[in-house]
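>>> I'll drop the sequence and a predicted model, then ask my questions.
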Amino acid sequence: DASIPLTVAEWEEWGNPNEGRYFDYMMSYCPMRNVKENAKYPSCLLLGGLHDPRVAYWEPAKLAATLRHHQGPDSGPVCLKIEMSAGHFSASDRYKYLKETAFDFAFLLDQVGLATSSCAKGGAE
C-alpha cells in the first residue's frame, strides 16, 4: 500500500510487492502463511503496541490466534501482550521500559524452568 508511510522507500531494499516475484518471495517468509497444522511450536511471547504506526496491534493478535488454533498438543504456550500506551519502540519512560524488559525476562525464565525462587515460595530473599 503506497499510502502507508515508509512503504515506497522500502521497495528499493525489499522489492515492490505489487510485482509477482517480490510478492511471492515475501509470502515465503510470512509467519501467518507458514503456520502448519498440528506442528510443534516453541513458547511464544508476542508483543504489540496500541499506537504502533508500523505494526498494527491486530497483527500479533492474528498470529497468536492462528498459532493457538493450529499448533500441536506438544507446543509451548502462545502469550499475547498489547501495551496500551506504547508505539513501535515500546515505552519511552525509562522505568516503564525496565518494567517491560523485566516482563520479557520473566517469561523467558519461566519457559526455561528458572522462574521458581525461594521468594516465589514465600522465602525471605
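The structure has been received and is ready for your questions.
>>> can you list the weak-confidence ranges in this structure?
Scanning the chain for pLDDT under 70 picks out the ranges 1, 5-6, 89-92, 117-125.
>>> what about stretch 70-88, how long is it end to end?
Using CA to CA, to the nearest Å, the end-to-end distance of stretch 70-88 comes out at 28 Å.
>>> who does the longest helix anywhere in the chain touch, helix- and strand-wise?
Criterion DSSP state H: the longest helix present in the chain is helix 94-111. Contacts defined by 3 or more CB pairs under 8 Å, 6 or more residues apart in numbering; DSSP states H and E place helix 94-111 against strand 44-49, strand 78-83. Heads up, the C-betas are built off the backbone N, CA and C, glycines and all.
>>> and after the first one, which helix or strand comes next?
Spelled out, that is strand 44-49. Going down the chain from strand 44-49, the next helix or strand is helix 58-70, by DSSP states H and E.
>>> show me what counts as buried in that next one.
Buried residues in helix 58-70, defined by neighbour count with 16 or more other CB atoms under 10 Å: 60, 63-64, 67.
>>> and the contacts of that helix?
With CB atoms under 8 Å, 6 or more residues apart in numbering as the contact definition, helix 58-70 has outside contacts at 31-32, 35-39, 41, 44, 46-48, 75, 78-80, 82.
>>> and stretch 41-52, what's buried?
So for stretch 41-52, counting by 16+ other CB under 10 Å, buried means 41, 44-49, 52.
>>> next up, the contacts around the closest residue to F103 other than its chain neighbours.
Nearest non-adjacent residue to F103, counting by CB to CB, 6 or more residues apart in numbering: K81, 7.3 Å away. Contact partners of K81, counting by CB under 8 Å, 6+ apart, are 45-48, 103.
>>> which residues does K81 bridge with?
Applying DSSP bridges to K81 gives these bridge partners: L47.
>>> I'm done for today, thanks for sticking with me.
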